[in-house]
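Engineer: No letters, just coordinates:
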């Protein structure tokens, strides 16, 4: 057991006061994942919980918003979107050194490789269809009804996001990347026109942010809501498909070079068609823009990890391997520019 970054003697009295039916003794183990926000498994007696905290140290403005994560988990508890139960939020940075929240610990499967080698073709296809189904359910949530009508800022989602991630990228820039400069120049000039659909978007909707039932191809919990906001749901769809373009080797595994049909996995076109059918869309225009935007955004996020690795505040040993992906992902994004 590791208690890295957690002061249990200070944490335990707070948990006893704010977590229903809490009983010790308390122990903690840091999860290997949770790249942005350090994440711990708490054990107290026969109960287990998960704690997510902001990383300690100097942080980029608006990053690591664990209070937003907690709010969206709490709002979704009675919807068709499966999430862990939000248990308690501590906004006092002074208690253990940064804000944190506690949520339900779910027993299930997390698939780290999008090729899902652990299962057969039939289940592999069912897993991907379940991701598609739950994404459509997420984008169908009535945000006003669940109290998230003010969860995003007014104005065009892409204009806001491009501005935000350009600013974040500049704040963590370590050396010039020509492809990022090309994207920063091209994207603001090519935001699709017209009235965009506004929905709750996850912002990091990918296979390894989902907990599946122990034996069924059914999602029981969507994790890592730090980047969620109100915006265009096509950003989630493009982000998921973008991740499949990644090379097999590197900080983030993708599906590049694999025969998807042989594995029982859908093509991009089939996955998009299934999503459109579930959400009542006739099709999607300007697809290259959405893909370029997603590559730009993930490259900017990884640049932040690269910067934190340099100054020693990155929360995972995988930070260096992910940081080297900034250039290759920016190149994939630039390749989407028509």
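Structural biologist: Received it, and whenever you're ready, just let me know what you need. Predicted, not measured: the structure shown is a model, and the values here were computed from it.
Engineer: those helices in the stretch 1-150 of the chain, which residues are they?
Structural biologist: Using DSSP state H, counting those that start in this stretch, the helices of the stretch 1-150 of the chain run over 8-18, 66-75, 121-139.
Engineer: Give me the residue ranges of the stretch 51-200 of the chain where confidence is low.
Structural biologist: Low-confidence segments of the stretch 51-200 of the chain (pLDDT under 70): 56-64, 194-196.
Engineer: Show me where it has its strands.
Structural biologist: Applying DSSP state E, counting those that start in this stretch to the stretch 51-200 of the chain gives strands spanning 86-90, 100-104, 199-201.
Engineer: what does the last one rub up against?
Structural biologist: Strand 199-201 is contacted from outside by 72, 138-141, 143, 148, 151, 157, 228-233, 235-236, using C-beta atoms under 8 Å, 6 or more residues apart in numbering. Glycine gets a C-beta too; all of them are placed from N, C-alpha and C.
Engineer: on that earlier part again, JSON lines for the helices of the stretch 1-150 of the chain, including mean neighbour count and distance to residue 30?
Structural biologist: Below are those laid out as JSON lines (neighbours: other C-beta atoms under 10 Å; distance: least, C-beta to C-beta, whole Å):
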{"stretch": "helix 8-18", "mean neighbour count": "14", "distance to residue 30": "12"}
{"stretch": "helix 66-75", "mean neighbour count": "20", "distance to residue 30": "16"}
{"stretch": "helix 121-139", "mean neighbour count": "19", "distance to residue 30": "27"}
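Engineer: Put together CSV for these, with distance to residue 93 on each row.
Structural biologist: CSV is the format used below for the helices of the stretch 1-150 of the chain (distance: least, C-beta to C-beta, whole Å):
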stretch, distance to residue 93
helix 8-18, 12
helix 66-75, 11
helix 121-139, 30
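Engineer: which stretch among these comes nearest residue 39?
Structural biologist: helix 66-75 (10.0 Å; C-beta to C-beta).
Engineer: just checking, what packs against that closest one?
Structural biologist: strand 47-53, strand 86-90, strand 100-104 (3 or more C-beta pairs under 8 Å, 6 or more residues apart in numbering; DSSP states H and E).
Engineer: if we can go back for a sec, can you say which of the contacts of strand 199-201 are buried?
Structural biologist: 72, 138-141, 143, 148, 151, 157, 228-233, 235-236 (16 or more other C-beta atoms under 10 Å).
Engineer: still on that earlier bit, between the strands of the stretch 51-200 of the chain, which gets nearest to residue 244?
Structural biologist: Short answer: strand 199-201, nearest of those by C-beta to C-beta, at 18.4 Å.
Engineer: what's the following helix or strand after that closest one?
Structural biologist: Toward the C-terminus, strand 199-201 is succeeded by strand 210-212 as the next helix or strand (DSSP states H and E).
Engineer: tell me what that following strand is packed against?
Structural biologist: Contacts defined by 3+ C-beta pairs under 8 Å, 6+ apart place strand 210-212 against helix 121-139, strand 219-222.
Engineer: pLDDT of that strand, averaged?
Structural biologist: For strand 210-212, the mean pLDDT works out to 97.
Engineer: neighbouring contacts of it?
Structural biologist: Residues outside strand 210-212 that contact it (C-beta under 8 Å, 6+ apart): 84, 106, 108-111, 127, 130-131, 134, 218-223.
Engineer: Let's have the strands of the stretch 51-200 of the chain in TSV, adding mean neighbour count and distance to residue 40.
Structural biologist: TSV is the format used below for the strands of the stretch 51-200 of the chain (neighbours: other C-beta under 10 Å; distance: least, C-beta to C-beta, whole Å):
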stretch	mean neighbour count	distance to residue 40
strand 86-90	20	13
strand 100-104	23	9
strand 199-201	25	26
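Engineer: export the ones you listed to CSV and tack on distance to residue 281?
Structural biologist: Output for the strands of the stretch 51-200 of the chain, formatted as CSV (distance: least, C-beta to C-beta, whole Å):
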stretch, distance to residue 281
strand 86-90, 31
strand 100-104, 32
strand 199-201, 12
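Engineer: of all those strands, which lies closest to residue 298?
Structural biologist: Nearest to residue 298 among these is strand 199-201; the distance by C-beta to C-beta comes to 14.5 Å.
Engineer: residues contacting residue 111?
Structural biologist: Contacts of residue 111 (C-beta under 8 Å, 6+ apart): 118, 127, 207-208, 210, 212.
Engineer: same thing but at 7 Å, please
Structural biologist: Residues near residue 111 by C-beta atoms under 7 Å, 6 or more residues apart in numbering: 118, 207-208, 212.
Engineer: And residue 218, by the same measure?
Structural biologist: 130, 212.
Engineer: Please read off the pLDDT at it from the model.
Structural biologist: Each residue has a pLDDT score; the one for residue 218 is 98.
Engineer: how does the protein divide up, domain by domain?
Structural biologist: Split into domains by automatic domain parsing, the chain comes to 8-104, 121-335.
Engineer: Can you mark which positions in whichever strand or helix holds residue 300 are buried?
Structural biologist: Using DSSP H and E, residue 300 maps to helix 287-311. Within helix 287-311, the residues that count as buried by 16+ other C-beta under 10 Å are 287, 289-309.
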